[in-house]
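In: Below is the sequence, then the predicted model.
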Amino acid sequence: MRKRFYFFLYFVFLLILLYAVQDFRTSRNTGAEIGTGRGAVHVTLFVILMVLGIYYAITTAGGRIVKSPVKTALWLIIGWIAIVNLLQSASMWSVAVHLGLSVLWILAYHFFSYYLRYFPNAWSQMKICITIMFGFYVFSALYAAYNIQMIYDRIIVVNLAYGVLVFLPWILLMARKKMRHLGIWIVFFVVLVSMKRGAIIMFPLMLGTLILVEAIVRKKWLGRATLKAIFWIVLFFAGLLIVNQWSKGFMIERFLPEQLAIGSGRAEIYRASIEEISQRSQWQLLIGYGSGSSVDYLGTSVHNEWLEFFFNFGVIGVVFYALLFLALIRRVRQLIRRSSPYASTYAMAVIYMLIVGMFGQIYFAHSTFYIMAFLGAVEGLMLNDARNAQILNANYVQYRQ
């Protein structure tokens, strides 16, 4: 039975790898030509949805469901997206994308949580698979930086940096000390080379969160954590200066006040979206216009997930989205109170979702799959630890008797 289910784990990761390869081959983020067919990507994603969906149905049959505020919030979002789109008769393709990704998040969360609960020894195999995916996305990001620069003969901002950054919580949870440091340096290098402002901002924020939460959990002197943070900040700015010199000032230009104020057109998009929302009726404010409406009205997504939810799914959609973060923050607090070894990396993942969602897309971004999978994996590891603690306590009581 165990070998059979390990085979299933490898099969799921093989599908994930096939999807990543197809996406790499056809994505404009890697330099693929405009109009390149994405059919294989959509088919592979659909197969992943079906496989994980069947797994979810089998493993929850008979009421075998662990209560989880995070999963509850995800289900509320899915249900509300479906209701709004039904009421507003939204574009079928936009509905399929939003509902498909929303369902995928809960399926990924459940798969990694349930699998580790029932097959704790699979953690070693899971770490190998995640490491392979991490290596693939590192290669993809570096190739994109090189290939696009060769095509356009200029330095290009590489969006795939986020596809590497989402693995940072995984690497820091899975690896030993030396490998943790190696993982940090690899992510650091990719983020700098990408020239992606959001990723460059997120990297030190994630590391700062890690250092702070680890100090609190381990009850260490915060002054030491501050010194450690300063050390990484110095290295970070040294790296920025090196990359800026290599890019002939392009890096620093992206962080000039006027560039930040414009934010790749975000300021104008925010103004237009708020102006449009302010003109709605109470009913429209409540439920929104449905999936894809921001693109229909603005010509692009809002580049702020809170505004995106408000625009598409109204006040109720924003409330459900906020409930998701309340559930995640509650989990972080629980982990910190229990001095859990998962607290710091879980907090990193939550900070990533929260901050990136303030200036970009996170809930409907494909790279979020690895964040949801990570959150589910931590839940599975937590429940395993709790079960082992109960067994130890029971054995201790029996021994005393």
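Out: Received the coordinates, thanks. Here the structure is a predicted model, which means the values were calculated and not measured.
In: Please count neighbours and contacts with C-alpha atoms only from this point.
Out: OK.
In: Point out where the stretch 151-300 of the chain drops to low pLDDT.
Out: 175, 221-223, 225, 254-264 (pLDDT under 70).
In: Try it again at 80.
Out: 151-157, 175-177, 219-233, 236-237, 240, 243-266 (pLDDT under 80).
In: Tell me where it has helices.
Out: 161-165, 168-174, 177-194, 197-217, 222-246, 250-253, 257-262, 266-278, 282-287, 293-298 (DSSP state H, counting those that start in this stretch).
In: winner for burial among those?
Out: Each of the helices of the stretch 151-300 of the chain was given a mean neighbour count from mean count of other CA atoms under 10 Å, and the largest, a mean of 26, is that of helix 161-165.
In: Does L52 touch L107 like I think?
Out: Yes. The pair L52 and L107 passes the contact test of CA atoms under 8 Å, sitting 5.9 Å apart.
In: what about those two, which has more around it?
Out: Between L52 and L107, L107 has the larger neighbour count (other CA atoms under 10 Å), namely 27 against 20.
In: tell me which element that one falls in.
Out: Of the helices and strands defined by DSSP states H and E, L107 is found in helix 92-118.
In: Compare the helices of the stretch 151-300 of the chain and give me the one nearest A144.
Out: Distances from A144 to each of those were compared by CA to CA, and the smallest falls on helix 177-194, at 9.0 Å.
In: Counting by contacts, list what that closest one packs against.
Out: Using 3 or more CA pairs under 8 Å, 6 or more residues apart in numbering; DSSP states H and E as the contact criterion, the secondary-structure elements in contact with helix 177-194 are helix 123-152, helix 161-165, helix 168-174, helix 197-217, helix 222-246.
In: just to revisit the earlier point, tell me which of the helices of the stretch 151-300 of the chain sits nearest to I130.
Out: It is, among those and with distance given as CA to CA, helix 168-174, at 7.7 Å.
In: How far does that closest one sit from its chain's centre?
Out: Taking the mean C-alpha point of helix 168-174 and that of its whole chain, the gap between them comes to 13 Å (CA atoms, centre = their mean, to the nearest Å).
In: Check which helices and strands that helix is in contact with.
Out: Helix 168-174 sits against helix 123-152, helix 177-194, helix 343-359, with contacts defined as 3+ CA pairs under 8 Å, 6+ apart.
In: which residues are contacting the shortest one?
Out: The list of residues contacting helix 343-359 from outside it, by CA atoms under 8 Å, 6 or more residues apart in numbering, reads 166, 169-170, 172-173, 198, 202, 205-207, 209-214, 217, 303-306, 325, 328-329, 332, 335-336, 362-363, 371, 375, 378.
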